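Engineer: Fold the following.
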Amino acid sequence: MKKQEKTVKITLKYDDGKEKVTLYVDAAEMEICLENEYQRRLSVTPPEERASVRKLTPKEYADVLNKDSYNNWHKYNRHTSGYVKNICADEGEEPFINPIDLVADDSCAEKLAEWAELDAMRQKLYGNLPKSQADLLWAVAVEEIPVADIAAQEGVTTRAIYLRLETAKKNFKKVFPNPSLF
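Structural biologist: Numbering: from 1, shown residues only. Below is the predicted model of the structure:
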């Protein structure tokens, strides 16, 4: 019975073999890499041709990485901005990838953080003030609804809303004497 190796040796060659770099990769990690590559190739292959797709061996994978066109391009362009060479691109696929496509979209992260902060503020406000006062402060301070619109909606004068607002502010300052804690 053959003893299974714990590492896989991969040698990358630059400039037609004149310069070499040897990598030692854990065998389990190499197996995961080969499986991921196999699954990727299966996903881009038409269903009628999937039977011909097979998993690469570590040697075959190293040969893919040792393509002169890739290694020489990578040696001189790996630190430049712009498009990234897709070494796994099959025939007919786009050979370059925009790096932005590789980054997760976190445009919602700032919105979510803002909403979480507003929700925490709302809970503190409604937990410490009467509902009518909390509603009024929230509407004026956060939702930026004009006092005249609130007065028209409730059917009272703007003076009455200003008086309620002053009372709400006084109670707010009793609960939160230091505004930065709110």
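Engineer: Pull out the buried positions in the longest helix anywhere in the chain.
Structural biologist: Ranked by residue count, the top helix of the chain under DSSP state H comes out as helix 107-128. Neighbour counts over helix 107-128 (16 or more other Cβ atoms under 10 Å) mark Leu125 as buried. Any C-beta I mention is one placed from the backbone N, CA and C, and that applies to glycine too.
Engineer: Can you classify Lys55 by secondary structure?
Structural biologist: coil (DSSP: H, G, I helix; E, B strand; the rest coil).
Engineer: Now do the contacts for it.
Structural biologist: 34-35, 37-38 (Cβ atoms under 8 Å, 6 or more residues apart in numbering).
Engineer: Could you identify the pair within the residues you listed that is furthest apart?
Structural biologist: Glu35 and Glu37 (7.3 Å; Cβ to Cβ).
Engineer: So the two - more neighbours on which side?
Structural biologist: Glu37 (15 against 12; other Cβ atoms under 10 Å).
Engineer: any idea of the mean pLDDT in the helix or strand encompassing that one?
Structural biologist: Per DSSP states H and E: Glu37 is located in helix 27-44. Averaging pLDDT along helix 27-44 gives 85.
Engineer: Please pull up the helix or strand immediately following it.
Structural biologist: helix 58-65.
Engineer: if we look at stretch 29-36, which residues are touching it?
Structural biologist: 8, 25, 55-58, 61.
Engineer: List the buried residues of that stretch.
Structural biologist: For stretch 29-36, the neighbour count (16+ other Cβ under 10 Å) marks 30, 34 as buried.
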